[in-house]
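What follows is a predicted structure for the sequence shown.
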Amino acid sequence: MSSMTTAIRGAAVAWRDDPFVVPPGEALRFERDAVLVMRDGHIEVFGPADAVLPRLPQEAPVTRYERSLIVPGFVDCHVHYPQLPIIGAGGHPLLEWLDRYTFPAEQAFADEGHARAVARSFLRELMRNGTTTAAVFCTVHAASAEALFAEAAPTGLRIVAGKCLMDRNVPDGLGDTAQRGYDESNALIDRWHGRGRLGYAVTPRFVASSSPAQLEAASALWREHPGTLLQSHLSENVEEVAWVRRLFPECADYVGVFDRFGLLGRGAIHGHGIHLSERERERLAETATALAHCPTSNFFLGSGLFDLAAAKRRRIPIPVGLATDVGAGTTLSMIATMGAAARVAQLRGNPLHPVQALWLATAGAARALTLEDRVGNLAVGLEGDAVVLDLAATPLLEERLRRVEAIDDLLAVLSTVGDDRCVRATYAGGMPVWVRGERAAEAQ
Ligand code: GUN
Ligand code: ZN
């Protein structure tokens, strides 16, 4: 094996299919003893140890993980890195929370030094949580996106990000203009999109903070640069929905505003989508527009309970991924976020299968970002992103899992009592980027 080869061994899960389409038991592939070989950034081999090991050179080092479960690297498809310093602040509803805590904190990102320091902490936290791909909101300042991309480039993580476009209804010093937002986004796309594992997302923050001219510019940017994503917020809070109706009286509803400005389609992903009508869901489905489900954020701001069943149980399902939405979200752990999604589903009266929760945190989120050919699964040819979960991370987890046989039950317990403490090692782009207890890998 070459020096760029990494091989790990242990129990593992991967995807055969979508558990919202086929029964979860058929969708999930569980290997009690698997070997994953990653070379030059990609997965070269994945299969049962007894089949793979004889094909490896005798001297090939294979790191063996006991009492563990290897899963695809987590994908957080909606998160705000500049809000890491205000996680847990307030507990007010969305619009008040934005005014009192979020906008003041985002003002500081005009300073690239501050932005770089927060970006470094954020990226370290992603690795520590086993998140290997994230779609990230920066602030309105181009420097905030520049800082994140510059810090992310050497990490090996797959990061899609964009500077916020926001030219109205925002405090002084925290706005751009349609032209300036267009020009700065263009320059960032030229500089960073497609460089290594980095990608650009055109980011109109939400339609209430962009003029019609800026929404038109956002659509133009997205269409002029194929392969970029488009991310925003949609129908999160009842006051916000009423405000958007007042701002755009000519549009039928919230989704109608996105539609009018050409902001729907494959490659568009909008956060929340809680207070949607059937008409709006149908329009998202037929345009293949994705939703980011952010359960801990929705709890924290009291925004409402996302109706996952309504998004999924339809002729054309809506692509949905799971996301933390930090700083309104209360954790960067996708494991904890899976547990929160299960609680929302219970309150909705449509329990979420634990295998479906894992899908939403991996392959489902990858699909929502149109990255399913690259990440979200352990399959030959995909990028080498994997997380080793410690099934004895806490005394309670160890004790509880002694009573568990089936993989479904294991995933249910893990997502109920597990969190970042369960992450033993994170591999991104085929390399270990974080190993618990090892300073060298943590340093980066
Ligand atoms: N809507 C507009 N901006 C934001 C934000 O920063 N967080 C959340 N949760 N919703 C938003
Ligand atoms: Zn958000």
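The structure has been received and is ready for your questions. Ligands and ions are numbered 1, 2, ... in the order given.

ok, the residue in the stretch 251-400 of the chain positioned nearest to ligand 1 - contacts?
Nearest to ligand 1 in the stretch 251-400 of the chain, going by CB to the nearest ligand atom, is Ala328, at a distance of 3.8 Å. Every C-beta, even on glycine, is put in place using the N, C-alpha and C of the backbone. Contacts for Ala328 (CB atoms under 8 Å, 6 or more residues apart in numbering) come out as His80, Gln83, Leu94, Trp97, Cys294, Ser297, Phe300, Leu301.

7 Å instead?
Trp97, Ser297, Phe300, Leu301 (CB atoms under 7 Å, 6 or more residues apart in numbering).

and it, what element?
Using DSSP states H and E, Ala328 sits in no helix or strand.

Isn't Val257 up against Ala208?
No. In this structure Val257 lies outside contact range of Ala208 using CB atoms under 7 Å: 9.4 Å.

shared neighbours, those two?
Applying CB under 7 Å, 6+ apart, one finds that Val257 and Ala208 are jointly contacted by Val244.

Tell me the span between the first and last residue of stretch 13-29.
5 Å (CA to CA, to the nearest Å).

can you pull the buried residues of it?
Residues of stretch 13-29 classed as buried by neighbour count (16 or more other CB atoms under 10 Å): Val13, Ala14, Trp15, Asp18, Pro19, Phe20, Pro24, Ala27, Leu28, Arg29.

Inside helices: which ones of those residues?
Per DSSP state H, helices hold the following members of those: Pro24, Ala27.

Going by distance to ligand 2, which of the buried residues of stretch 13-29 wins?
The closest of those to ligand 2 turns out to be Phe20 (CB to the ion; 23.4 Å).

Check what pLDDT the residue nearest to the closest one when sequence neighbours are not counted gets.
The spatial neighbour of Phe20 that comes closest, neighbours along the chain excluded (CB to CB, 6 or more residues apart in numbering), is Lys312 at 4.9 Å. If you check Lys312, the pLDDT there is 98.

Any stretches of the stretch 1-150 of the chain with poor pLDDT?
The stretch 1-150 of the chain contains residues with pLDDT under 70 at 1-3.

for it, what spans make up the helices?
Taking DSSP state H, counting those that start in this stretch, the helices of the stretch 1-150 of the chain run over residues 24-27, 49-52, 94-97, 103-107, 112-128, 142-152.

Just the residues contacting the very next helix or strand once past the last one, thanks.
Going back to what we said before, that points to helix 142-152. Downstream of helix 142-152, the next assigned helix or strand under DSSP H and E is strand 158-162. With contact meaning CB under 7 Å, 6+ apart, strand 158-162 is reached by 132-136, 138, 145, 148-149, 152, 185, 197-203, 229, 231, 369, 375, 383.

Sheet-wise, list the partners of the very next helix or strand once past strand 158-162 with their directions.
The C-terminal neighbour of strand 158-162 among helices and strands, as given by DSSP H and E, is strand 164-165. Strand 164-165 has its sheet partners listed here by DSSP bridges as strand 198-204 (parallel).

Give me the neighbour count for the closest residue in space to Thr330 that isn't next to it in sequence.
Closest residue to Thr330 apart from its sequence neighbours, by CB to CB, 6+ apart: Thr296 at 4.5 Å. Thr296: 24 surrounding residues under other CB atoms under 10 Å.

Over to the one 3 residues further on?
Phe299 sits with 18 neighbouring residues when counted by other CB under 10 Å.

element containing it, please.
Counting by DSSP H and E, Phe299 is found in helix 295-300.

now Pro226
Going by DSSP H and E, Pro226 is not in any helix or strand.

who in this structure is up against ligand 1?
By the rule CB under 6 Å from any ligand atom, the part of the chain lying against ligand 1 is His80, Leu94, Leu98, Thr102, Arg205, Phe206, His233, Glu236, Ser297, Asp325, Ala328.

Isn't the fifth one up against Arg168?
No. Counting by CB under 7 Å, Arg168 is not a contact partner of Arg205; they are 10.7 Å apart.

Compare those two and say which is more crowded by neighbours.
Legend: neighbour count by other CB under 10 Å for Arg205 and Arg168, higher for Arg205 (24 against 15).

Do you know the pLDDT at the more buried one?
Note on Arg205: pLDDT of 98.

quick one: contacts for Ser210?
Leu165, Met166, Asp167, Arg168, Pro204.

try Ile70
Ile70 touches Ile8, Gly10, Ala11, Ala12, Ala34, Leu36, Ala386, Val388, counting by CB under 7 Å, 6+ apart.

Relative to ligand 2, how far out is it?
Separation of Ile70 from ligand 2 (CB to the ion, to the nearest Å): 30 Å.

Nearest residue to that residue in space, ignoring adjacent ones along the chain?
Closest to Ile70 by CB to CB, 6+ apart is Ala12, at 3.9 Å.

so what's that neighbour bridging to?
Residues in a beta bridge with Ala12, per DSSP bridges, are Glu31, Ile70.

I figured it hits Arg32, correct?
No. Ala12 lies out of contact with Arg32 (CB under 7 Å); the separation is 8.7 Å.

These two: who's more crowded?
Neighbour count, other CB under 10 Å: between Ala12 and Arg32, Ala12 has more, with 27 against 10.

wait, what's in contact with that one?
Contacts of Ala12 (CB under 7 Å, 6+ apart): Glu31, Ala34, Leu36, Leu69, Ile70, Leu378.

Now for these, which sits with the most neighbours around it?
Leu36 (27 neighbours).

re the thing from before, which of the contacts of Ala328 sits closest to Gln179?
Trp97 (29.7 Å; CB to CB).

So that closest one versus Ala340, what's the distance?
The gap separating Trp97 from Ala340 is 18 Å, by CB to CB, to the nearest Å.

where does the stretch 251-400 of the chain come near ligand 2, residue by residue?
Proximity of the stretch 251-400 of the chain to ligand 2 (CB under 5 Å from the ion) is limited to residues Gly271, Asp325.

so what's Leu94 closest to, chain neighbours aside?
Distances taken as CB to CB, 6+ apart put Asn237 closest to Leu94, at 4.0 Å, once the chain neighbours are dropped.
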